[in-house]
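A.B. asks: sequence plus predicted model, see below.
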Amino acid sequence: MTTETTTPAQQDENQIFAERRSKLNAIRKAGIAFPNDFERKHLAGDLHAEFGQMSHDELEAAKVHVAVAGRMMLKRVMGKASFATVQDMSGKFQLFISNGDTGEEAHNAFKHYDLGDILGAVGVLFKTKTGELSVRVTQVRLLTKALRPLPEKFHGLTDQEQKYRQRYLDLITNEDTRKVFIMRTRIIQTIREFFIRHGYLEVETPMMHSIPGGAAAKPFETHHNALDMKMYLRIAPELYLKRLVVGGFEKVFEINRNFRNEGLSTRHNPEFTMLEFYEAYRDYKYLMDFSESLFREVAQKVLGKTLISYQGKELDLGKPFHRLTMVQAIQKYHPQFTTAQLNDRDFLVNELKDLKAKYKPEDGVGGLQLSLFEELAEAHLFEPTFIVDYPVEVSPLARSNDKNHDITERFELFIVGREIANGFSELNDAEDQAARFDAQVAAKEAGDEEAMFKDNDFVRALEYGLPPTAGEGIGIDRLVMLLTDSASIRDVILFPQMRPE
RNA sequence: GGGUCGAUAGCUCAGCCGGUAGAGCAGCGGACUUUUAAUCCGUUGGUCGCGAGUUCGAAUCUCGCUCGACCCA
């Protein structure tokens, strides 16, 4: 990329750095310091899988020639012979380098290679006397000099802050970290395959919105220079995906980032990954069954089982998920409340006051029920539980229940006490949608920063006719946390948001 | 926003009642042709997160700040 050879930040200078830089300078003088002509032909993992079971004598007879490359993680020099362990994307492999096989000069050069350097080696497979599959190296080359030393080889990198800020170091050093992120990739891959197999179309909708919509959240704001207009990073793709269903794409899904301008915690990162999907001619009950089969399949394919352990407690995604209304969920953990009390506005306000819970005093019964549910029940929902019949006033995009217009055909799925999915039969009555937007605008004007904007084009789209449709969002980061037994969302996001150093 | 804990060599950590900094790994030099965190001998390396204060003297005590982890709102 560049030909700069000037030194980086001087305050990082230390003895080890200086020593390595002087080695690099010597390499530069001797020829090409960063060669790119080494042809790597084998991965450690493949070699272990293919030849790991062969005996010492079988390997000697087979004379398997290999070319491996990777970062040197361990080095043991013993005079006229040395062992080194290199690590590539698939695993680790041991090299045996000796005066007899490479010549004294090459072996002496190797002795000055440092842990962290990237090497390429060619040779023949053999087994050591302790039975470890290794390469008897005939040629070893330094491909990339590492100027900075690696973290200590036994403990690795343990400092949480450094693990998050310098994820590359965490990945080099900690196998567990690599496993989590490989699993994350597999989870997303499995989800994608599931939807494609069910006939869904994967789409991409805008990340920059002129009207943020689809969720109750504070957006990030930015500015478009050429159009001289305010824009928002999206808080949800929902309204665009439903426009696509209006357009005739009757089964769509999108896996992508949402942005919400809120605090950071072990469960919140300002940008996070969301799966949203919509299917015409389905309702929220279908979605619940569909979600159960999705979760089951992902666990089975990624973990090989549905019985999982999270932070020391077990749960089985193979068993039917519980289904409770919000009122039932509150009563499950607080049987002293009667249904009449939980539908009484004054009673709810008093309880919330006594509990010192967060709630909006202007809310109606529905909003207050939700606040009480969050305070008293949510954290207890360890086993997968769908909470159904959300109040209409907190569900401005969901279809009302035909028998009771105060509730919607909506559910949220909770696992390990955390909201992990949200789905509903979509509101496809354009006039009702327009009225609900107006109510949101009124709430916004009254000071609710999370209330929605009115999206007139979305209403116009509904006026052309949205078929009866069901839609759902699933928080991918939280799902990955669940399946990788991670306590913090930062442990499942490669580069979590941090304050500047 | 509040509370608890943390920041000392490149990394992992110790450093007690205040007396001017220590180990292991890594590095450097030496021995060693089957090691497995190799071993053995020798050795270099520090703005003790930042800034004040108390004190004859501060890594250590006090206050403030920065960054982080966890818990709470």
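C.D. replies: Sure thing, it's come through.
A.B. asks: buried residues, the lengthiest helix in chain A. List them.
C.D. replies: Looking across chain A with DSSP state H, the single longest helix is helix A:175-197. Across helix A:175-197, burial judged by 16 or more other C-beta atoms under 10 Å covers A:177-178, A:180-181, A:183-184, A:186-188, A:190-191, A:194-195. Every C-beta, even on glycine, is put in place using the N, C-alpha and C of the backbone.
A.B. asks: any residue of it touching RNA strand B?
C.D. replies: No - Helix A:175-197 stays clear of RNA strand B (C-beta under 7 Å from any atom of the strand), getting no nearer than 13.4 Å.
A.B. asks: what mean pLDDT does the helix or strand that that helix is followed by get?
C.D. replies: Using DSSP states H and E, the next helix or strand after helix A:175-197 towards the C-terminus is strand A:201-202. Averaged across strand A:201-202, pLDDT comes to 98.
A.B. asks: got it, and stretch A:129-137?
C.D. replies: On average, stretch A:129-137 scores 95.
A.B. asks: touching RNA strand B at all, it?
C.D. replies: Yes - using C-beta under 7 Å from any atom of the strand, stretch A:129-137 comes into contact with RNA strand B via A:K129, A:T130, A:G131, A:E132, A:S134, A:R136.
A.B. asks: so how many other residues sit close to the fifth one?
C.D. replies: By that I understand A:S134. 22 (other C-beta atoms under 10 Å).
A.B. asks: repeat that for A:M54.
C.D. replies: Look at A:M54: counted by other C-beta under 10 Å, it has 16 neighbours.
A.B. asks: what about it, which helix or strand?
C.D. replies: Applying DSSP H and E, one finds A:M54 in no helix or strand.
A.B. asks: shouldn't it be in contact with A:A62?
C.D. replies: Yes - proximity of A:M54 to A:A62 meets the contact threshold set by C-beta atoms under 8 Å, at 7.1 Å.
A.B. asks: who touches the helix or strand harbouring A:L287?
C.D. replies: Per DSSP H and E: A:L287 is located in helix A:284-303. For helix A:284-303, the surrounding residues in contact (C-beta atoms under 8 Å, 6 or more residues apart in numbering) are A:183, A:186-187, A:190-191, A:194, A:279, A:282, A:305-306, A:308, A:317-318, A:320-321, A:323, A:384, A:386, A:388, A:409-411, A:413, A:421, A:423-425, A:470-472, A:474, A:479, A:483.
A.B. asks: all strands of the stretch 351-500 of chain A, in order?
C.D. replies: A:385-388, A:410-415, A:418-425, A:469-475 (DSSP state E, counting those that start in this stretch).
A.B. asks: point out the most buried one among those strands.
C.D. replies: strand A:410-415 (a mean of 25; mean count of other C-beta atoms under 10 Å).
A.B. asks: what strands line up against it, and which way round?
C.D. replies: strand A:385-388 (antiparallel), strand A:418-425 (antiparallel) (DSSP bridges).
A.B. asks: mean confidence score for the longest one?
C.D. replies: With pLDDT averaged residue by residue, strand A:418-425 scores 96.
A.B. asks: if you look at it, does any of it touch RNA strand B?
C.D. replies: No - judged by C-beta under 7 Å from any atom of the strand, strand A:418-425 makes no contact with RNA strand B; its nearest approach is 11.8 Å.
A.B. asks: likewise for stretch A:42-59?
C.D. replies: No - remark: stretch A:42-59 sits outside contact range of RNA strand B, by C-beta under 7 Å from any atom of the strand, the gap being at least 9.3 Å.
A.B. asks: which positions in the stretch 201-350 of chain A make contact with RNA strand B?
C.D. replies: Contact residues, the stretch 201-350 of chain A versus RNA strand B (C-beta under 7 Å from any atom of the strand): A:G263, A:S265, A:T266.
A.B. asks: so which of those residues comes closest to RNA strand B?
C.D. replies: If you rank those by distance to RNA strand B using C-beta to the nearest atom of the strand, A:T266 comes first, at 4.3 Å.
A.B. asks: SS state for the closest one?
C.D. replies: coil (DSSP: H, G, I helix; E, B strand; the rest coil).
A.B. asks: surely it and A:S486 touch.
C.D. replies: No - taking contacts as C-beta under 8 Å, A:T266 lies outside contact range of A:S486: 9.4 Å.
A.B. asks: give the contact list for the nearest residue to A:R282 once chain neighbours are set aside.
C.D. replies: Distance criterion C-beta to C-beta, 6 or more residues apart in numbering; nearest residue to A:R282, sequence neighbours excluded, is A:A470 at 4.0 Å. Residues near A:A470 by C-beta under 8 Å, 6+ apart: A:Y278, A:E279, A:R282, A:D283, A:Y284, A:Y286, A:L287, A:G423, A:F424, A:S425, A:E426.
A.B. asks: let's see 6 Å
C.D. replies: By C-beta atoms under 6 Å, 6 or more residues apart in numbering, the contact set of A:A470 is A:E279, A:R282, A:D283, A:Y284, A:Y286, A:L287, A:S425.
A.B. asks: what does A:A81 give?
C.D. replies: Applying C-beta under 6 Å, 6+ apart, the residues near A:A81 are A:S98.
A.B. asks: before we move on, what about A:Q341?
C.D. replies: Taking C-beta under 6 Å, 6+ apart as the test, what A:Q341 contacts is A:F347.
A.B. asks: what about it, distance to A:N350?
C.D. replies: 10 Å (C-beta to C-beta, to the nearest Å).
A.B. asks: for the stretch 351-500 of chain A, what lies in contact range of RNA strand B?
C.D. replies: Checking the stretch 351-500 of chain A against RNA strand B by C-beta under 7 Å from any atom of the strand, the hits are A:K356, A:A357, A:K358, A:A487, A:S488, A:R490, A:P496, A:M498, A:R499.
A.B. asks: which single residue of the stretch 401-501 of chain A approaches RNA strand B most closely?
C.D. replies: A:R499 (2.9 Å).
A.B. asks: and the pLDDT for that residue?
C.D. replies: 84.
A.B. asks: returning to that earlier point: and the buried ones among the residues of stretch A:129-137 next to RNA strand B, selectable in PyMOL?
C.D. replies: The buried residues among the residues of stretch A:129-137 next to RNA strand B can be selected in PyMOL (16+ other C-beta under 10 Å) with this line:
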select buried, chain A and resi 134+136
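A.B. asks: would you format the residues of stretch A:129-137 next to RNA strand B as JSON lines with secondary structure included?
C.D. replies: Putting the residues of stretch A:129-137 next to RNA strand B into JSON lines (three-state DSSP) gives the following:
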{"residue": "A:K129", "secondary structure": "coil"}
{"residue": "A:T130", "secondary structure": "coil"}
{"residue": "A:G131", "secondary structure": "coil"}
{"residue": "A:E132", "secondary structure": "coil"}
{"residue": "A:S134", "secondary structure": "strand"}
{"residue": "A:R136", "secondary structure": "strand"}
